[in-house]
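**Student:** Fold the following for me, if possible:
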Amino acid sequence: MSDELYLTFRDLSRREDDLEPGEALFHRGDTVRRVYFVTRGAIHLVRHQASGTSLVIQRARAGQIVAEASLFATTYHCHAVAMLPTAVWSVAKPELLRRISADPSVGLIFMKTLSHELQHSRFQVEVLSMKTVAARLEAWIEWNGELPPKGEWVNLAAELAVSPEALYREFGRRRA
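**Tutor:** Numbers count the residues shown, from 1 in each chain. I've put the predicted structure just below:
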């Protein structure tokens, strides 16, 4: 979440939650009552398909809103699962909507944040359309500036939709 958005919403009454890896924040079909902001860790929005496969709809990291499109939905359309030890804070959906409605400048800040999320989603789609691990990794580094710490490379592989082994081989080629 942008510092600007955090400063705008910090005075709303909020709830803070800590989640362990694999723990659900909410489930598909749950009523949308709160809007969640990741402060540490990572949450994946996952939709399980009838075929048994899973689609990751969002990879929300520290500083991002989880399932922002749900602000105008009645129920969640996917599951939200912590991928790492994760901390979130949340505000009641009606309170957030009142704040946005009451002050146009707050609405603009929220729209700015959502625009950044949309840019990131479009970038992710483009990365996933690239054919090689090298191309995907190069684009990811260009967008993010640097690699994550070594302990998070498995998560990077998942984000790039490649196996950890393929990513490690690419790292090896780059070192050689």
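**Student:** Distance of the spatially closest residue to residue 70 that is not a sequence neighbour relative to residue 43?
**Tutor:** In space, and not counting its chain neighbours, residue 70 is closest to residue 32: 4.7 Å by Cβ to Cβ, 6 or more residues apart in numbering. C-beta coordinates here come from the backbone N, C-alpha and C atoms, glycine included. Computed as Cβ to Cβ, to the nearest Å, the residue 32 to residue 43 distance reads 15 Å.
**Student:** Neighbour count: the two, which is higher?
**Tutor:** Neighbours were counted for residue 32 and for residue 43 using other Cβ atoms under 10 Å; residue 43 has more, 27 against 17.
**Student:** from memory the residue nearest to residue 70 sits against residue 78, does it?
**Tutor:** No: between residue 32 and residue 78 no contact is recorded; they are 11.8 Å apart, counting by Cβ atoms under 8 Å.
**Student:** Can you check the distance spanned by stretch 24-33, start to finish?
**Tutor:** 15 Å (Cα to Cα, to the nearest Å).
**Student:** ok now it, how far from the chain's centre?
**Tutor:** Mean-position distance between stretch 24-33 and its chain equals 16 Å (Cα atoms, centre = their mean, to the nearest Å).
**Student:** what's the helix or strand for the residue nearest the centre of the chain?
**Tutor:** In the chain, the centroid-proximal residue (Cα atoms, centre = their mean) is residue 60; its distance is 1.3 Å. In the assignment (DSSP states H and E), residue 60 maps to strand 54-61.
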